[in-house]
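K.L.:
Output the structure for:
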Amino acid sequence: MATNIFVNFPTSDLERAKAFYEALGYTINPMFTDDNAACVVVLSDTIYFMVQTREFLATFTDKQIIDPATQTGATIALSQDSREDVDAIVARGLEAGGTEPRPAQDYGFMYSRDLEDPDGNNLSYLYMAPEAVEKGPEAYMAEHAADAPAQA
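P.N.:
The predicted structure follows:
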């Protein structure tokens, strides 16, 4: 059996959160969605975001639930097939009420943009050159030193 990944996010408005994640192109699994939580299918039934009301999420831990608008609990990084795909998904997220907390980061071998959902949960979308994945960032940058952009 494959390992499934469930990332739990707090939300103050479940309906708004569901609309945001659907605008990114993800689907909601109705079998695991109710008034307390929404199961967002991110990748082919193996990776899910469980967007939960703060009160419901608190039933799974004895620790304080952070306010993602002012604190970072985790940054979730999701790779894309191209820089254009990174820009496209961030654009959809911005149109759906998300925010971009900082400028795009261009490291030459990797391009990334952060997107915060309406609650402030951080998603980082990135594209990494296949050669950098294969050889490692240092080798890739050494081969492409002349055309590497300055870090944003």
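K.L.:
residue ranges for the strands of this structure, please.
P.N.:
Secondary structure of the chain by DSSP state E: the strands cover 5-11, 27-29, 37-43, 47-53, 75-79, 105-106, 110-116, 122-128.
K.L.:
What strands line up against the shortest one, and which way round?
P.N.:
Read it as strand 105-106. Under the criterion DSSP bridges, strand 105-106 sits next to strand 110-116 (antiparallel) in its sheet.
K.L.:
buried ones in the longest helix belonging to the chain?
P.N.:
Taking DSSP state H as the assignment, the helix of the chain that covers the most residues is helix 83-95. Within helix 83-95, the residues that qualify as buried by neighbour count (16 or more other C-beta atoms under 10 Å) are 83, 86-87, 89-90, 92-93. All C-beta spots, glycine's among them, are computed from the backbone N, C-alpha and C.
K.L.:
Next, the contact list for Ser12, please.
P.N.:
Shown in contact with Ser12 (C-beta atoms under 8 Å, 6 or more residues apart in numbering): 53-54, 119.
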